[in-house]
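J.: quick one, structure for this:
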Amino acid sequence: MRILFMGTPDFAKTCLQKLLNSKHEICAVYTQPDKPVGRKQKLTPPLVKVLAQEAGIPVLQPTTLKTEEAAEQFRSFCPDIAVVVAYGKLLPKKILEIPPQGCINVHASLLPKYRGAAPIQWSVLNGDKITGVTTMFMAEGLDTGDMLLKAETSIGQNETSGELENRLAELGADLLLQTIEELPNIIPQPQGKMTTAYASMLDKTMSPIDWNKDALEIHHQICGLNPWPTASTVFEGIPLKVWKSKVIEKQSGKPGQILKDFVVCCGNGTAIQLLEVQAAGKKRMNASDFLRGHSIPTGTVLPF
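T.: Residues are numbered from 1 along each chain as shown. I've put the predicted structure just below:
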């Protein structure tokens, strides 16, 4: 099958690599424009672009798909089907109607739950035990098309969003290939009305830890916001990112109070141990290494 691929981040790269290793032909790759990255704002290409160029596939990075010129360019590749994985733009109707086999999307949730931009992160933030990936035909709305296939997986108790994303990318790539192979025999299922959570984009206002909350809720925050925007607190007036943690047995103390081994008291008599932290301007490190360089008086309370 002649496939036009559309995607941008690492999650999409995994799917593209799976397709490149298959019998199918990738006629073109669409991805987002290069963006400035880091303190030096170095112009950096999307990972999908790098992989496509290495494979000798034409790469396009249009700023819009709404013009007639964009539709004609898309049509010129004569795709049998389009595969869209975290592309970053909604496709207009005139683009969706071009491939005779339709446009297939890989979404990192068990739809209709967690439509939206950050399904992986919200499944961790909400403490879900099960998640998965869904393939679907694309419609004009956001993640509203008819579902094709699903694959489930469990979420580890201490698994971060970044770790889960890596696993779901592999699961999604396999499901994508299965969907393409079995497409003639799949009966699409309408999603119906969404009655569960919408996965809105994350932002930095979600980072500060409120130590009045239950330890498990804080642990989900730490795991769910890793790698971005990262949960944070303040230690000795310095911002401190918290990368990893674990919930421990209940401890007595006021919320935010630091006990031995970087155990912090939380709400409802619960407690959490910080395992990996990063002070502003410093590298990530194990909490034990951080404590060796900082003397914490008994009863110190983290602000919130």
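
J.: C-alpha only now, for contacts and for neighbours.
T.: Will do.

J.: packing partners for the longest helix anywhere in the chain?
T.: The longest helix of the chain (DSSP state H) is helix 161-182. If you count contacts as 3 or more C-alpha pairs under 8 Å, 6 or more residues apart in numbering; DSSP states H and E, helix 161-182 packs onto helix 10-20, strand 103-107, helix 119-125, strand 130-137, strand 147-154.

J.: one more time with 7 Å
T.: The contact analysis (3 or more C-alpha pairs under 7 Å, 6 or more residues apart in numbering; DSSP states H and E) places helix 161-182 against helix 10-20, helix 119-125, strand 130-137.

J.: what comes up buried for that helix?
T.: 161-162, 164-165, 168-177, 179-180 (16 or more other C-alpha atoms under 10 Å).

J.: how does this structure divide into domains?
T.: 2-198, 204-292 (automatic domain parsing).

J.: among these, which is nearest Thr298?
T.: Across these, Thr298 has its closest neighbour in domain 204-292 (7.1 Å, C-alpha to C-alpha).

J.: average pLDDT across that closest one?
T.: For domain 204-292, mean pLDDT rounds to 96.

J.: now the end-to-end length of that domain.
T.: 29 Å (C-alpha to C-alpha, to the nearest Å).

J.: cool, and stretch 75-95?
T.: End-to-end for stretch 75-95, by C-alpha to C-alpha: 8 Å.

J.: name the residues of it that are buried.
T.: By neighbour count with 16+ other C-alpha under 10 Å, stretch 75-95 contains the buried residues 77-87, 90-92, 95.

J.: ditto for stretch 48-58
T.: Val48, Lys49, Leu51, Ala52.

J.: in a helix, that's where the third one is, yeah?
T.: Yes. Applying DSSP: H, G, I helix; E, B strand; the rest coil, one finds Leu51 inside a helix.

J.: what's the burial count for the closest residue to it other than its chain neighbours?
T.: Counting by C-alpha to C-alpha, 6 or more residues apart in numbering, Leu51 lies nearest to Lys13, which is 7.3 Å off, once chain neighbours are set aside. Residues lying near Lys13 (other C-alpha atoms under 10 Å) number 24.

J.: a markdown table please, covering the domains of the chain and showing distance to Gly299.
T.: A markdown table is the format used below for those (distance: least, C-alpha to C-alpha, whole Å):
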| stretch | distance to Gly299 |
| --- | --- |
| domain 2-198 | 27 |
| domain 204-292 | 6 |
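
J.: sorry, back to before: now do the helix or strand following the longest helix of the chain: distance to the chain's middle.
T.: Moving toward the C-terminus from helix 161-182, the next helix or strand (DSSP states H and E) is strand 198-199. On the basis of C-alpha atoms, centre = their mean, to the nearest Å, strand 198-199 sits 12 Å off its chain's mean C-alpha point.

J.: please apply the same query to stretch 225-243.
T.: 19 Å.

J.: for the remainder of this discussion, apply numbering that starts at 583.
T.: In the new count, where the first residue is 583, that last one comes out as stretch 807-825.

J.: report the backbone C-alpha coordinates of it in CSV.
T.: What follows is stretch 807-825 as a C-alpha-only set of coordinates in CSV (Å, rounded to 0.1, in the frame of the first residue of the first chain):
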residue,chain,number,x,y,z
LEU,A,807,4.6,15.5,34.8
ASN,A,808,7.9,13.6,34.0
PRO,A,809,9.5,14.6,31.7
TRP,A,810,7.6,17.9,31.2
PRO,A,811,6.8,20.2,32.8
THR,A,812,8.1,18.3,35.9
ALA,A,813,6.7,18.5,39.4
SER,A,814,8.5,21.0,41.6
THR,A,815,8.9,22.5,45.1
VAL,A,816,11.1,25.1,46.7
PHE,A,817,14.1,24.1,48.9
GLU,A,818,16.0,26.9,50.7
GLY,A,819,14.6,29.4,48.3
ILE,A,820,15.7,27.5,45.3
PRO,A,821,13.3,25.8,42.8
LEU,A,822,13.7,22.0,43.0
LYS,A,823,12.3,19.7,40.4
VAL,A,824,11.2,16.3,41.6
TRP,A,825,11.6,13.6,39.0
